[in-house]
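Asker: predicted model and sequence below, questions to follow.
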Number of protein chains: 4
Amino acid sequence: MAGNSFGKIFTLTTFGESHGEAIGGIIDGCPAGLSLDFEAINAEMQRRKPGQSAIVTQRKEEDEVKFLSGIFEGKTTGTPIGFLIENTDQKSKDYSHIRDIFRPSHADFTYEKKYGIRDYRGGGRSSARETACRVVAGAIAKQLIPEIQINAFVSSVGTIFIDKPYQQLDFSKIEGNIVRCPDEATAQRMEEHIKEIRKQGDTVGGTITCVLQNVPIGLGEPVFNKLHSELGKAMLSINAVKGFEYGSGFCGSQMKGSDHNDIFNTDGTTKTNLSGGIQGGISNGMDIYFRVAFKPVATIMQNQKTIDSEGNNAIAEGKGRHDPCVVPRAVPIVEAMAALVLADFWLLNKISSIKNNGS
Amino acid sequence: MAGNSFGKIFTLTTFGESHGEAIGGIIDGCPAGLSLDFEAINAEMQRRKPGQSAIVTQRKEEDEVKFLSGIFEGKTTGTPIGFLIENTDQKSKDYSHIRDIFRPSHADFTYEKKYGIRDYRGGGRSSARETACRVVAGAIAKQLIPEIQINAFVSSVGTIFIDKPYQQLDFSKIEGNIVRCPDEATAQRMEEHIKEIRKQGDTVGGTITCVLQNVPIGLGEPVFNKLHSELGKAMLSINAVKGFEYGSGFCGSQMKGSDHNDIFNTDGTTKTNLSGGIQGGISNGMDIYFRVAFKPVATIMQNQKTIDSEGNNAIAEGKGRHDPCVVPRAVPIVEAMAALVLADFWLLNKISSIKNNGS
Amino acid sequence: MAGNSFGKIFTLTTFGESHGEAIGGIIDGCPAGLSLDFEAINAEMQRRKPGQSAIVTQRKEEDEVKFLSGIFEGKTTGTPIGFLIENTDQKSKDYSHIRDIFRPSHADFTYEKKYGIRDYRGGGRSSARETACRVVAGAIAKQLIPEIQINAFVSSVGTIFIDKPYQQLDFSKIEGNIVRCPDEATAQRMEEHIKEIRKQGDTVGGTITCVLQNVPIGLGEPVFNKLHSELGKAMLSINAVKGFEYGSGFCGSQMKGSDHNDIFNTDGTTKTNLSGGIQGGISNGMDIYFRVAFKPVATIMQNQKTIDSEGNNAIAEGKGRHDPCVVPRAVPIVEAMAALVLADFWLLNKISSIKNNGS
Amino acid sequence: MAGNSFGKIFTLTTFGESHGEAIGGIIDGCPAGLSLDFEAINAEMQRRKPGQSAIVTQRKEEDEVKFLSGIFEGKTTGTPIGFLIENTDQKSKDYSHIRDIFRPSHADFTYEKKYGIRDYRGGGRSSARETACRVVAGAIAKQLIPEIQINAFVSSVGTIFIDKPYQQLDFSKIEGNIVRCPDEATAQRMEEHIKEIRKQGDTVGGTITCVLQNVPIGLGEPVFNKLHSELGKAMLSINAVKGFEYGSGFCGSQMKGSDHNDIFNTDGTTKTNLSGGIQGGISNGMDIYFRVAFKPVATIMQNQKTIDSEGNNAIAEGKGRHDPCVVPRAVPIVEAMAALVLADFWLLNKISSIKNNGS
């Protein structure tokens, strides 16, 4: 009931604060007999980890995953997969100055008020450090559904946008630059902008677009657990996310039905895809694409006026390490959450009809 | 596991197809001792029901709710509340022409492929008729948390937008026009536009903005069940919704941290509210506001090329009754889903800390 | 979270009080494409309904099930199955005399204290009338897993026991007498005993034994949702149940390991079956058998000293209709709950391993 | 959906095999602000750990719990509590001889068939080693509800029974002997019997009685999640358990209603307590008592005929370490599971009625 589990069948539960000894999780419900590619898991962790390039936080974490159960001779056994990631670069001392300070637009205030107690060391549970566990589980989920291609990329940083539809992009170039933008010219402009923002001790927001291809028809469980409802929830649960749209999204709200309807080809595909690969909450076999909006992260390298826990005026000092722009590192997190949603529905769909495997 | 339940503690499960004898639901987890205002429930139903004005579908349904259990002498008893709404205007005959037809941008194709069988009568389960049950439960949820004000309104129809922040609007005017737009001049333009669209046999999309006021601090269960994640899921589960944003939303992704951060007043409120009343997934006591994008509904009064279930070319005929623009009727549905999310978290929050009621 | 749902995948949620207008439920998660045998469902209802013989309550209920959704042209559609059973013989007047009385060993006191309000009309939600909904869902669950034989029977009434192992009984004789005991001589003694008890205005307890045959290997989800844990929970949730044992049960606690262990045959079956068909919480393909203890029902036709809601001495009058012995009517309920547990695990097992249907 | 989580609000999820590096778990939903007594937690672990006396397995495990999150300055923070227990005495080599052997009445066969793969090292997930995690969580649950007294004790070993009602026993003597039987003369006979059984290389079953005192009125969530249904499920999920009864239990099935009904005193207590402190699935404030039957553990120090995974005849060798009688060590496990059930319902009950904390 507490909110630290995700997924109905392929279920991830996570624990851990940014400055405890370790974070970790349990994956319960991964089918037995799945051969795991540990290098692939590690590669995903490397994509998310701090310190990987000049435009992300310089916190140093190896982010090595230690699996403790549920795997035998390289295969999943059907029992819960427990895993740990140590916090090697905790630097608790850094945070004594914020012990009683509510940092603006952080979760300090709300955690304190909700729980009456708060681990003030660097964000505690509300830190994005927790998303490392999601990437572990997402990497395993991806391996369960290898036929589905999941590609996320940075589609905007501040006001710098890719001005092409995703079909014109080459996804193999996403990892070719540190911004994770497949359009090279735009990537260059984004990178420069982030470096400039960083110099100012400021941060900037952005958007990530994610494309899911070769998704089998039938994923999604209406009327509440529609495929896009769960994708939306998954994305909105990522730190700093402020919005989600799929298919035609907010633009679609300005259109007419006669323009928006996707006309069928005789093979069941559609000529256009404003629907975004989902009808009635169920995948229709077309590409699923969605866009996620991230606010600028709240930690800036500037002093800000704020209050302490007694309601006195105080200063939130602009020091420490931070991400000037969170979206490059959020790309693997978006993919991981998408993979978790897909794996869950993929398993559920196997028992939705007698004609599948229901008999 | 199937997806017809919503909420962890205050749980609504619904059933019913648009053209069966009745639809209905069960609310499990409503606390005992709540005095119900049945007129208020009925008023919400009237806001959603078809045929209420010139710009909505002319299907005639009284949408009277019959409560069957869980209520005794006007109060909830803590046992499940079962309720029914009859489908009085079924007109099954109307739908024989679409028996084997996949209507463009409807759920016909995906339901058929997922389940291998489909109740072809007018959308069946995928029809928005199901949302009547959500309005019943939402109306009860509202009564559980009367201190919270929930106001949704139409903020755009097609390209016609309200050009003021919500703080300058008078929510008491929402019900003053058939579009449910509190800005009268804009409402007039919207109404004219919808009538024009209707004449064309077409449909148009729009957006709804919802404002939650006087929300207690502490609602939301990180890290997955954040308040805005569940609001997002709730909204995305409504028929025709393509996007959700809260607080600064997609615009926020273009901003800098130094502009976006909300600075505290000494009483814990904030000077600005780009956060949208939620920090770290937990309500902070400021107004919560979000925006929901609706596509133009797929049923248009024009013939469209399509295919039948054998993959043959076919014509989807443009006849029957439909909503030229869904957003006016969706206003109470958005409010109902918001109420369900709030009631659930409000109950959960009572046991989140020893200092509340956890001891 | 409230406790009116059962099952993770094949989920039944019920509502309704004994003296409301109707009771009913929603089955969510039944796979699509299942052809329903409505006569079989009705037959199960007839087995449970009151008034069927001289030794059960004379309350008259037709217990006709009205299905409202989720079924189309005789097949399940994958959408939720809503159903209703009307309470035709409510006789609310009968209960005015117990309005403020706490009947001994009834749930009047605990419902009043827990919820602060109580529908005093004849047990309300705590009445066994609610189990009619379980029988509906169980009858459908049985049809999902037709290969599994589920046979429950009365194995004792008071101190009258069947003194043979179940293997020596002919299950086809269970319905051959009104006690539902397949051993005819014992059945006769039981019937006479119940009639005698009835004359005394008293009630008597009993046990039901249930045998599940041809259960596929692999059902059960350790470590908490073991097959026998869920069977136990299911049985203990039935009104008046005080105990559950499976396989060697309480007798097994007196044995030595060298006597208790079941030695394998080379085909994987075992020579003995003290395990009761379950090892480590998972079915092993042998017969599953368990025994359920029912207390004597609390409603007796004798005046009893008791208290009212103010704590004053009062008399609970011995009048109305009642079951002198509940076990004959509980036989189909035990089977229904077993079917619900099996159907749920049967579906879950399809996705537990890549080698099954997990890939 | 997989079965490794227990509890709806106060939720424990566990992972780990007997011969992996570590076992552990996550407690999600423990209210914030609870001051933890770590010595008390450790004391419970000591009660369960192997090697503590002459009559239990000589496997050596320190069973030290390492908490990784959710606790700050000695108090719970409302975030998930992650914890680890290392397996220090793994001795994987010991198990090579059973790699392809299905041990009689063990879970080897069913895990292999269900999952298609099995960690053959000493029981893997099906080992009772997993219950150490339950004891950790149970110890915390006990601290959440300190007003409730939870006392379990060994009431029988083989055919040696305590022949007194629990009211005549002195619970402070439970820990006074290595059998955990509060009746000293009986304890002595039990101890001798277990030592004799051990000499024979055999094992013996037994029963545990558990008494819950000072339980608040109102715990339990009918109709499926009754207090005794969940207690039953909890107990049946413990390794080697074959039966559960509460209150009058199986004996109650032989009684008449006029003898079985508990007559009220004017203060709402009852003169007798055959009900076992629960009416209609809800606690009534009287003592709750139940009895749990354990089979003799399957690992015996005798060679047994069996089969290998190919269906060939084989010998399961009687070597290694084992518990000749499991019940003394199971006492803290029974208490832990009872505490988990009570804590969960205690939290849920706070939101069941407006008159409690529902408003």
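Answerer: Sure thing, it's come through. Numbering: from 1, shown residues only, chains lettered A, B, ... in the order given.

Asker: wait, is A:K242 part of a helix?
Answerer: No: secondary structure of A:K242, determined by DSSP: H, G, I helix; E, B strand; the rest coil: strand, with no helix assignment.

Asker: so it sits against A:R291, correct?
Answerer: No: checked against Cβ atoms under 8 Å, the pair A:K242 and A:R291 is beyond contact range at 11.6 Å. C-beta: built from backbone N, CA, C; applies to glycine.

Asker: which one's more surrounded, these two?
Answerer: For the pair A:K242 and A:R291, the greater number of neighbours falls to A:K242 (28 against 23), based on other Cβ atoms under 10 Å in any protein chain shown.

Asker: quick one, what contacts A:G82?
Answerer: With Cβ atoms under 8 Å, 6 or more residues apart in numbering or on different chains as the criterion, the residues that contact A:G82 are A:24-26, A:67-70, D:15-16, D:22-24.

Asker: do the longest helix seen in chain A and chain C meet?
Answerer: Using DSSP state H to assign secondary structure, the helix with the most residues in chain A is helix A:327-349. Yes: judged by Cβ under 8 Å from any Cβ of the partner chain, helix A:327-349 comes into contact with chain C at A:347-348.

Asker: buried set for that helix?
Answerer: Neighbour-count burial for helix A:327-349, counted by 16 or more other Cβ atoms under 10 Å in any protein chain shown, picks out A:327-349.

Asker: and it, what does it pack against?
Answerer: helix A:38-48, helix A:131-144, strand A:149-157, strand A:206-213, helix A:227-236, strand A:288-294 (3 or more Cβ pairs under 8 Å, 6 or more residues apart in numbering or on different chains; DSSP states H and E).

Asker: angle of the first one against helix A:327-349?
Answerer: I take that to be helix A:38-48. Here helix A:38-48 runs at 140 degrees with respect to helix A:327-349, directions being taken by axes from the mean of the first three to the mean of the last three Cα atoms, to 10 degrees.

Asker: quick one: is helix A:38-48 near chain B?
Answerer: No: Helix A:38-48 lies apart from chain B when judged by Cβ under 8 Å from any Cβ; the minimum separation is 15.5 Å.

Asker: buried residues, that helix. List them.
Answerer: Of all the residues in helix A:38-48, those buried under the rule 16+ other Cβ under 10 Å are A:41, A:44-45, A:47-48.

Asker: any chance of these in JSON lines, plus pLDDT and distance to B:R118?
Answerer: What follows is these, written out as JSON lines (pLDDT from 0 to 100; distance: Cβ to Cβ, whole Å):
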{"residue": "A:I41", "pLDDT": "97", "distance to B:R118": "40"}
{"residue": "A:E44", "pLDDT": "96", "distance to B:R118": "39"}
{"residue": "A:M45", "pLDDT": "95", "distance to B:R118": "43"}
{"residue": "A:R47", "pLDDT": "94", "distance to B:R118": "42"}
{"residue": "A:R48", "pLDDT": "92", "distance to B:R118": "42"}
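
Asker: kindly identify which of those residues also come near chain C.
Answerer: Intersecting those with the surroundings of chain C, defined as Cβ under 8 Å from any Cβ, gives nothing.

Asker: with those in mind, which one is nearest to B:D119?
Answerer: The shortest distance between B:D119 and any of those, using Cβ to Cβ, involves A:E44 and amounts to 42.1 Å.

Asker: OK, contacts around A:V334?
Answerer: A:152, A:208, A:210, A:235, A:238, A:292.

Asker: what's the answer for A:I333, then?
Answerer: Taking Cβ under 8 Å, 6+ apart as the contact definition, A:I333 lies against A:48, A:131, A:134-135, A:138, A:238.

Asker: measure it to A:D28 for me?
Answerer: Between A:I333 and A:D28 the distance is 21 Å, computed by Cβ to Cβ, to the nearest Å.

Asker: near chain D, which residues of the stretch 51-200 of chain A are found?
Answerer: Residues of the stretch 51-200 of chain A found near chain D, taking Cβ under 8 Å from any Cβ as the criterion, are A:68-70, A:72, A:75-82, A:84, A:111, A:114-119, A:124-125.

Asker: how many neighbours does whichever residue of the stretch 201-350 of chain A sits closest to chain B have?
Answerer: Evaluated by Cβ to the nearest Cβ, the stretch 201-350 of chain A has A:G280 as its residue closest to chain B, separated by 2.5 Å. Counted with other Cβ under 10 Å, the neighbours of A:G280 add up to 25.

Asker: and stretch A:298-318, how far from the chain's centre?
Answerer: On the basis of Cα atoms, centre = their mean, to the nearest Å, stretch A:298-318 is displaced by 28 Å from the centre of the chain it belongs to.

Asker: my bad, stretch A:237-249
Answerer: Using Cα atoms, centre = their mean, the offset of stretch A:237-249 from its chain centre is 10 Å.

Asker: on the three-state scheme, A:A298 is what?
Answerer: Reduced to three states with three-state DSSP, the structure at A:A298 is coil.

Asker: that one touches B:G257, doesn't it?
Answerer: Yes: assessed by Cβ under 8 Å, A:A298 is found in contact with B:G257 at 6.2 Å.
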